[in-house]
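Colleague: Quick one, structure for this:
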Amino acid sequence: MLAYHKVDDKFELGVTNVRPQQFARQISGLMNHGIEFAESGEQAANDPGKVFLTFDDGYDCFFRNVAPFLISVGARATVFVISDFIGKQNSWDLRLSYTPFVHMNENQLREISKLGFEIGSHSCSHKDLSRLDRKSSWDELSGSKKTIEDIIGKEINSISFPYGRHNRDVVDQAHEVGYEILFGLGSTVCEGVTRRIPVYRIDTPAAVRRKAAMNRYEVLKSDFVHSFAWFSALISIGQKGKPA
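Modeller: Numbers count the residues shown, from 1 in each chain. The predicted model follows:
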């Protein structure tokens, strides 16, 4: 299971923004090697032979760059949405290059849902849920689920934990709220949470193929890069309020 974030031509100092042309080469490389894609988390769980494409944060570049390309090659993916930031800039993020990115708005979410893309939750405000008190984490889990369901008119059953951070209490709460499929980020997860391997701008098409095959070196490399997210996760707890 592969995890992307942004697919955009905008300049950014970080490694989570993959260029659209690079993304197209990565996906084409997988397809040229006979790899098929799951259309949902449930299908991926029942058919481990397929690669599952996921996108965290719900940026509008998914609507502009990712969805049209995947439709053109007959593939689908799941996108995890931060409900408090729908249609807003990513002020929650630690932007090293000060480049703002906009999240998909309600109309875009409804459109991609109609086109067959699965939508899941990425919490309300992208805080590290494992560091919140029980009420706050419950509100993040339940509030995002209801908001997204009200927008797309469908029940959602999957969540990607922000920064991939979770503990046993958060996992139990997620199940209590009604999520059936839980996703982490990186190779180390709690029982009941599905691991995903992040894809970064530094990854070649060959590296992505190796990640899809769970190559040990590529997994370790991704875990190392992802380990730097702990700083952003720590800062997220101190952020107050909702976006304007």
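
Colleague: Show me where this structure has its strands.
Modeller: For the chain, strands defined by DSSP state E occupy the ranges 2-4, 6-7, 17-18, 37-38, 51-57, 78-81, 118-121, 158-160, 181-183, 193-194, 197-198.

Colleague: residues contacting the residue nearest to Asn17 when sequence neighbours are not counted?
Modeller: Of all residues not flanking Asn17 in the chain, Lys6 sits nearest, at 4.2 Å (Cβ to Cβ, 6 or more residues apart in numbering). No exception for glycine: its C-beta is placed from N, CA and C like everyone else's. Contact analysis of Lys6 by Cβ atoms under 8 Å, 6 or more residues apart in numbering lists 12, 16-18, 57, 59, 61, 101.

Colleague: Run through the helices of the protein in chain order.
Modeller: With DSSP state H, the ranges of helices along the chain come out as 20-32, 41-46, 60-61, 67-72, 106-114, 134-152, 168-177, 205-212, 216-226, 229-237.

Colleague: Nearest to the spatial middle of the protein, which residue is it?
Modeller: Per Cα atoms, centre = their mean, the C-alpha nearest to the average position across the chain is that of Asp56, at 1.9 Å.

Colleague: any idea how far that one lies from Gly184?
Modeller: 11 Å (Cβ to Cβ, to the nearest Å).

Colleague: Identify the contacts common to these two.
Modeller: Joint contacts of Asp56 and Gly184 (Cβ under 8 Å, 6+ apart) are Ser160.

Colleague: pull the helix or strand with minimum mean pLDDT from this structure.
Modeller: Least confident helix or strand of the chain, by mean pLDDT, DSSP states H and E, is helix 229-237 with a mean of 54.

Colleague: count of residues packed around Met31?
Modeller: 15 (other Cβ atoms under 10 Å).

Colleague: Would you enumerate the residues in contact with the closest residue to it other than its chain neighbours?
Modeller: Leaving aside its chain neighbours, Met31 sits nearest to Val73 (6.5 Å; criterion: Cβ to Cβ, 6+ apart). Residues in contact with Val73 (Cβ under 8 Å, 6+ apart) are 27-28, 31.

Colleague: Confirm for me that Phe117 is in contact with Val81.
Modeller: No - with contact defined as Cβ atoms under 8 Å, Phe117 does not reach Val81; the gap is 11.1 Å.

Colleague: Look up phi and psi at Glu36.
Modeller: phi -110, psi 160 (degrees, to the nearest 10).

Colleague: which residues touch the residue nearest to it when sequence neighbours are not counted?
Modeller: For Glu36, ignoring the flanking residues on the chain, the nearest one in space by Cβ to Cβ, 6+ apart is Lys50 at 4.9 Å. By Cβ under 8 Å, 6+ apart, the contact set of Lys50 is 35-38, 43-44.

Colleague: Then Lys211?
Modeller: Counting by Cβ under 8 Å, 6+ apart, the residues that Lys211 touches are 2, 197, 199, 203, 218-219, 222.

Colleague: again, 6 Å this time
Modeller: The contact partners of Lys211, by Cβ atoms under 6 Å, 6 or more residues apart in numbering, come to 197, 218.
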